[in-house]
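Q: Give the three-dimensional model of this entry:
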Amino acid sequence: MTLRRRWSFWMPPLEHPPILWLDDQYRGLLTDSGRLVLWGVAISTLSLFASGSYLIAILLGFSLAVLSLSFVFGAFTRPTASLEIVRDEIPDGTEGNVVHYRVTVHNRGIHAVKNVLVEERGMVPELRPINSPTKIDEIPPDESRTVILSMHCERRGVYSVERLQISSSLPTGFVKVGRSKRQKKFVIVHPIPTSKNWEKILAIPYHENSKSSFGTRLETCKELVGVRDWRLGDQVCDVHWRSTARRGRLTSKEYAPQPAPTCSLLLDLEAKTAKEEQRIDRMISIAASITQYLTRKDFDLNVFCTKEDGISDHAVNHFNGLQPLLYALSSLESHRRGDLSTAVTALVEPARADLVVLLMVRMDSKRRQFVNEIRQTGCRLSVWVEGKSGIHSEWLEDDQMEIWS
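A: Okay, the predicted model is just below:
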């Protein structure tokens, strides 16, 4: 589960627990008409304190009576326990997009059920329901109806939705009275990749006299191990002409398979302020973009994350495919103090990394020393600093390292 971000007065309203609870009650208990009545109660109360009008007091009392009696009468018409509700698996989402999933309601009773409303309750602020609730006009006995629910994914992470409410707005149409059923499902929201041109940013030469980039390494660094008969699909440049002339038939060069280039990517998740936490969110989106690019280039990719007592446990894991990697990036959260003491060995060894990418939210003296230690290993190094605080111009002139922002 994704952890809650640290509390700040300036965070969005729904990040505050009391406001989130009030929003859930407002959405889950009142229909559109009921909300108008509630706002009428609020305006009447303010007007009553300002003017003391007798007519406004009557309007206030009438509105409160309507809402109270709606809940009382609704208790007799709410859906019974004979309704079964099942939520399908929720597909993975992407930050800023909408996910859709199905909910099936089955009537096990002997009477038809009318005006059934289905919606999610107890939602986290990062997942917002759309066009909720969804209404079913009637469910005959021993039949099922399927509805489509939608939610907007506000922020990357791994969340759970736990409560499905099935209710009815009968007989008044002002309130929704029903039952909640706990069905825990996880929702994975992937970070949205940035649109930077990584083809240019990560095209670093492998050899002093070579202009080849990572994308062409396998074509320029082949090791000849022998010859074999020509096969359909072999290139003309792979023909071994001397053996062809001697044997009297086309002969092709045979190369040993080359290991895939490797990249170690480190995310520095130390955040001392709420602003730096927002920078980390952008940094993780950058990491998703870099990993997508390197995956298309057939890199072996190792992802590392700092934590308070060193490097994260999954530091040495190779991610086979992009989906597990996106899941790992989705669930990352910041911490107040990071430890980089063991990071140099983890990034460079045991398999000598062809490229080391560092993603940081700031560059202070401790991190400058860490970057210098990585440079001394001889690995190609690229550094992303989210914000230019502490970066000096001479760093930009060093041809052994790239710094972007």
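Q: Which pLDDT value belongs to the closest residue to Pro261 other than its chain neighbours?
A: Leaving aside its chain neighbours, Pro261 sits nearest to Asp354 (4.5 Å; criterion: Cβ to Cβ, 6 or more residues apart in numbering). (Glycine included, C-beta is placed from N, CA and C.) We have a pLDDT of 74 for Asp354.
Q: same question, Leu83
A: 89.
Q: wouldn't it be in contact with Ala112 here?
A: No: Leu83 lies out of contact with Ala112 (Cβ atoms under 8 Å); the separation is 11.4 Å.
Q: Out of these two, name the residue with the larger neighbour count.
A: When Leu83 and Ala112 are compared for neighbours, Leu83 comes out ahead with 20 against 11, by other Cβ atoms under 10 Å.
Q: quick one, what contacts the more buried one?
A: Val105, His106, Asn107, Arg108, Gly109, Val113, Val116, Ile139, Ile166 (Cβ atoms under 8 Å, 6 or more residues apart in numbering).
Q: picking that back up, between Leu83 and Ala112, which contacts overlap?
A: Ile139.
Q: Please tell me how far Lys366 sits from Leu381.
A: 17 Å (Cβ to Cβ, to the nearest Å).
Q: How about Pro324?
A: In terms of Cβ to Cβ, Pro324 sits 26 Å off from Leu381.
Q: more crowded one of the two?
A: The residue with more neighbours, out of Pro324 and Leu381, is Leu381; 22 against 13, by other Cβ under 10 Å.
Q: So the more buried one is in contact with Val356, correct?
A: Yes: with contacts counted by Cβ under 8 Å, Leu381 reaches Val356, the gap being 5.1 Å.
Q: Next, show the common contact partners of the two.
A: Ile374.
Q: Sketch out the helices for the stretch 101-250 of the chain, chain order is fine.
A: 198-201, 217-220, 241-247 (DSSP state H, counting those that start in this stretch).
Q: ranking the ones you listed by mean pLDDT, which is last?
A: helix 217-220 (a mean of 44).
Q: And Glu143, what's its pLDDT?
A: 92.
Q: Phe214 too?
A: So, for Phe214, pLDDT stands at 43.
Q: quick one: least confident helix or strand in the chain?
A: helix 393-396 (a mean of 39; mean pLDDT, DSSP states H and E).
Q: Output the longest strand belonging to the protein.
A: Assignment by DSSP state E gives strand 177-190 as the longest strand of the chain.
Q: strands paired with that strand, and their directions?
A: Strands adjacent to strand 177-190 in the sheet, as given by DSSP bridges, are strand 93-94 (parallel), strand 157-168 (antiparallel).
Q: Can I get those in TSV including mean neighbour count and distance to Val189?
A: What follows is those, written out as TSV (neighbours: other Cβ atoms under 10 Å; distance: least, Cβ to Cβ, whole Å):
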stretch	mean neighbour count	distance to Val189
strand 93-94	20	5
strand 157-168	20	6
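Q: Looking at these, which is nearest to Asp24?
A: For these, proximity to Asp24 was assessed by Cβ to Cβ; strand 157-168 is nearest, at 9.4 Å.
Q: Distance check, the residue sitting furthest away from the middle of the chain against Cys237.
A: Computed with Cα atoms, centre = their mean, the residue of the chain farthest from its C-alpha average is Arg246, at 60.8 Å. Distance from Arg246 to Cys237, counting by Cβ to Cβ: 19 Å.
Q: How about Thr94?
A: Taking Cβ to Cβ, one finds Thr94 at 42 Å from Cys237.
Q: Out of the contacts of Leu83, give me the one that has the most neighbours.
A: Result: Val116 is most packed of these (other Cβ under 10 Å), 25 neighbours.
Q: what sits against that one?
A: Per Cβ under 8 Å, 6+ apart, neighbours of Val116: Pro79, Leu83, Val105, Lys135, Ile136, Ile139, Arg145, Ile166, Ser167, Ser168.
Q: how about 6 Å then?
A: Pro79, Ile136 (Cβ atoms under 6 Å, 6 or more residues apart in numbering).
Q: before we move on, back to that, make TSV out of the strands paired with strand 177-190 and add distance to Ser68.
A: Listed next are the strands paired with strand 177-190 as TSV, based on distance: least, Cβ to Cβ, whole Å:
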stretch	distance to Ser68
strand 93-94	39
strand 157-168	17
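Q: For Arg231, find the nearest of the ones you listed.
A: strand 93-94 (42.4 Å).
Q: Pull up the per-residue confidence for Ser341.
A: Predicted confidence (pLDDT) for Ser341: 67.
Q: again with the one 10 residues further on
A: As predicted, Ala351 sits at a pLDDT of 55.
Q: begin at 55 from here
A: Taking 55 as the first residue, the last one we looked at is Ala405.
Q: Pairing partners for the nearest residue to Lys361 once chain neighbours are set aside in the sheet, please.
A: Leaving aside its sequence neighbours, Lys361 sits nearest to His389 (Cβ to Cβ, 6+ apart; 6.1 Å). Beta-bridge partners recorded for His389 (DSSP bridges): Glu324.
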